[in-house]
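Peer 1: Pasting a predicted model and its sequence here:
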Amino acid sequence: MCKGLATLPATCLKSAKDIKHKLSFLLQKPEPQTADQKEVKEKTAASKRLPDPSEVEKWKESFSHVMSSEMGRTVFTSFLRSEFSQENVDFWIACEDFKKTPPSQTAVRAKQIYQQYVEADAPNEVNLDAAAREKTRQEVEKGSPSCFDEAQKLIYTLMEKDSYRRFLKSKLLQDLCPKETGTSRVKKSSDWAESRQALAGGA
């Protein structure tokens, strides 16, 4: 057998080796998903899940309940998107994530957030006054781990006093917690279907 292989042209042997290599590569087990990939899938799944009515009732009690709930933030983000002010909640979430950033990466990440949301004419500029914007710039340059604290609080207050009040009256929220009486009971299925479509469309 070995003698027979030895008589084959070198090109044939090389082709056989290439085929063997490709087969072994295809038979390898797929690599496990990275943490980022898992996070994206989890967020997509969350955006398609409808909240429990009791959870929605908590959102009506206070803005803090909305922002402390992953589903609450998802629904509120969908509402802000309809008002073309999604950058506010995106900035708030970016600030929360920044607090978990490893010290070795804070300077780079702070600059990214500042350029994305805070500086004048940023792609997703949030509504901050000149004084707050300047103070944030100085804190970012210093490399302070709390560089966005003041700006984040201002945006939170803005959303709480402005957008949240309209959110409470929005059809999106009302449809997520329909009343179980009269016509509302009949409409429940279609209204929830519309809400699911709105949330999934914004994901």
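Peer 2: Received, thanks. The structure presented is a predicted model; accordingly, all values stated were derived computationally and were not measured.
Peer 1: quick one: V66 and R73 touch, right?
Peer 2: Yes. Assessed by CB atoms under 8 Å, V66 is found in contact with R73 at 6.9 Å. Where you see a C-beta, it was placed from the backbone N, CA and C, and this is true even at glycine.
Peer 1: what about those two, which has more around it?
Peer 2: V66 (25 against 17; other CB atoms under 10 Å).
Peer 1: From N88, how far out is the more buried one?
Peer 2: Distance, V66 to N88, by CB to CB, to the nearest Å: 13 Å.
Peer 1: what ranges of the protein fall below the confidence cut-off?
Peer 2: Low-confidence segments of the chain (pLDDT under 70): 1-48, 178-203.
Peer 1: for the chain, what spans make up the helices?
Peer 2: 2-6, 10-26, 35-48, 53-61, 63-67, 70-82, 86-98, 106-113, 130-142, 149-158, 164-169, 171-176, 182-202 (DSSP state H).
Peer 1: Okay, the closest residue to E125 other than its chain neighbours and P103: tell me how far apart.
Peer 2: Using CB to CB, 6 or more residues apart in numbering and skipping residues adjacent in sequence, the residue nearest E125 is Y117, 6.5 Å away. Applying CB to CB, the value for Y117 to P103 is 22 Å.
Peer 1: same thing with F84?
Peer 2: Taken as CB to CB, the span from F84 to P103 is 36 Å.
Peer 1: Equivalent analysis for M159, please.
Peer 2: Applying CB to CB to M159 and P103 gives a distance of 29 Å.
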